[in-house]
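Trainee: Provided below for reference: sequence and predicted model.
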Amino acid sequence: MKISIAQINTVPDVDRNLGAILSAVQAAAADGADLVVFPEAAACSFDGDFARFARESAAEFHDAVQAAAEDHGLAVMVGSFTRNQEDHRTSNTLMVFRPGEQPVSYNKIHLFDAFGFKESKGIAPGDRPVTVEIGGTTVGLAICYDVRFPELFTRLAQEGAEVVVVVASWGDGPGKAEQWDLLTRARALDSTSYVVAGGQAVRDLDKEGEATKTPLGVGHSAVVGPNGVDELRMDGAPGQRTVELDVERVAKIRESIPVLANKRL
């Protein structure tokens, strides 16, 4: 299974984001990827009007990405926002687009009510884990703060996931990049699965063009093997990398380190 990670900078300009996504899908297809992964909030950044996007623009945006998946013959995962059907809030949603298939969506279960921030003020939590089939491989879905909850990753593995994709707009700050690196490796060990971690790049410029590190991403996108060892770890800069996963290794690792079978709680 060949996966391309597009570590992009998302901005409030939705059209600009779509252009970046379509360009990266084309590049992933040229690399022969089966799947291209974009970060959380790839459709509209958290400092944009994501609630308005969910109400007014999401359907058209998603149609354009589905068309790109069809045209290029690969699966596309995009962090987006959708309307919540239960209340006035928005859902933080990972959308999966596959050629010839209806889109699949996962709504973030664990909301980031931490470090003085309250994501649940405007975002409604999801209530169910989601897996999806891509090229014969079962892939589990997770978003950002989910990575701090190992039980979600083991649950996805128990439901057949050999690969878990976690996308993020991971807030910068002292030790935050190091925490992300550690947590993505730990979740691979917990679930004895590949963890494909796609994050927002560090944003380089503010609106006045001055250098800054807006806390919307730390980069450090990665592919971690089922033994917890990095097979790819990017830095903070925007970029795109394609990696081939040896999915058969998952069964071998699970046979030698049967943590899922040995689980008692």
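Mentor: All right, it came through fine.
Trainee: Over to Gln26: give its phi and psi.
Mentor: As for Gln26, its main-chain torsions (degrees, to the nearest 10) stand at phi -60, psi -40.
Trainee: OK, contacts around it?
Mentor: Shown in contact with Gln26 (C-beta atoms under 8 Å, 6 or more residues apart in numbering): 68, 72. C-beta coordinates here come from the backbone N, C-alpha and C atoms, glycine included.
Trainee: And for the one 3 residues further on?
Mentor: Going by C-beta under 8 Å, 6+ apart, Ala29 touches 72-74.
Trainee: where does this protein have low pLDDT?
Mentor: 204-215 (pLDDT under 70).
Trainee: on that earlier part again, so which of the contacts of Ala29 is the most crowded?
Mentor: Among the contacts of Ala29, the one with the most neighbours (other C-beta atoms under 10 Å) is Leu74, at 25 neighbours.
Trainee: Not counting sequence-adjacent ones, nearest residue to Pro226?
Mentor: Ile253 (4.2 Å; C-beta to C-beta, 6 or more residues apart in numbering).
Trainee: Is the one you found in contact with Tyr194, as I believe?
Mentor: No: Ile253 is beyond contact range of Tyr194, at 9.8 Å (criterion: C-beta atoms under 8 Å).
Trainee: what is in contact with the two at once?
Mentor: Contacts common to Ile253 and Tyr194, judged by C-beta under 8 Å, 6+ apart, are 225-226.
Trainee: With neighbour numbers in mind, choose between the two.
Mentor: Tyr194 (28 against 20).
Trainee: Determine how far stretch 138-150 lies from the middle of the whole chain.
Mentor: Between the centre of stretch 138-150 and the centre of its host chain there is 8 Å, according to C-alpha atoms, centre = their mean, to the nearest Å.
Trainee: just stretch 137-146 next, same as before
Mentor: The answer for stretch 137-146 is 7 Å, by C-alpha atoms, centre = their mean.
Trainee: Thanks again, I'm all set now.
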